[in-house]
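> next one to model:
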Amino acid sequence: MRFGPSLAVLAVVLSLGATPALAAVCLDKSMTLDEIVEAIDAAPGCARAIKLFQACEFGTSGDIHLGAAVEKKCERDFLGRLTALQKLAYRREMDVCDRKYRNQSGTMYRSFTAFCRAEVAQRYSQRALQGAGASRSR
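I've put the predicted structure just below:
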């Protein structure tokens, strides 16, 4: 049986349309990127969200989405209570993360950036929660 050029064209067209979704083994099951983001959103706090991020990381640019979900979760603890000067300091720390691997090629460096940013947000969250706990105990 002979395969003509039309079959080759069909194979190329089908392969272009079949982009696999990112998936990882996370929480002992296979989860898509969107499912991991949903799990991070549902986490009871920043500390649990970052642990999920660490457990479910892709090591690629897909981690940008996971890191952004962690940032959003952690920022709920502190962002609204920061002064203008503190917000500027927070932005500067995030900018340092963005610049750190800016000139590196490869998707793993996007992952490193996502982790750096999530860890900055986690530190600010921890400080805010410690401060809130200290003021309540007085």
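> switch to C-alpha atoms for all contacts and neighbour counts from now on
Will do.
> next, V25: secondary structure please.
strand (DSSP: H, G, I helix; E, B strand; the rest coil).
> what about it, how many residues nearby?
14 (other Cα atoms under 10 Å).
> that one contacts I36, correct?
No. Between V25 and I36 there is no contact under Cα atoms under 8 Å: 9.9 Å.
> so what sits against both of the two?
Jointly contacting V25 and I36 under the rule Cα atoms under 8 Å, 6 or more residues apart in numbering are C56.
> roughly how far does E71 sit from R48?
12 Å (Cα to Cα, to the nearest Å).
> tell me which other helices or strands the longest helix anywhere in the chain touches.
Determined from DSSP state H, the single longest helix within the chain is helix 107-136. Helix 107-136 is packed against helix 46-56, helix 63-75, helix 84-100, with contacts defined by 3 or more Cα pairs under 8 Å, 6 or more residues apart in numbering; DSSP states H and E.
> for S125, find the nearest of those.
Taking Cα to Cα, helix 63-75 is the member of those nearest to S125, at 5.6 Å.
> list the neighbours of the closest one that are in contact with it.
Under Cα under 8 Å, 6+ apart, the answer for helix 63-75 is 33, 36-37, 40-41, 45-46, 49-50, 53, 57, 110-111, 113-115, 117-118, 121-122, 124-125.
> what's near enough to touch the closest residue to A47 other than its chain neighbours?
Nearest residue to A47 in three dimensions, chain neighbours excluded: Q122, at 7.1 Å (Cα to Cα, 6 or more residues apart in numbering). Contacts for Q122 (Cα under 8 Å, 6+ apart) come out as C46, A47, I50, E71, C74.
> perfect, that will be all.
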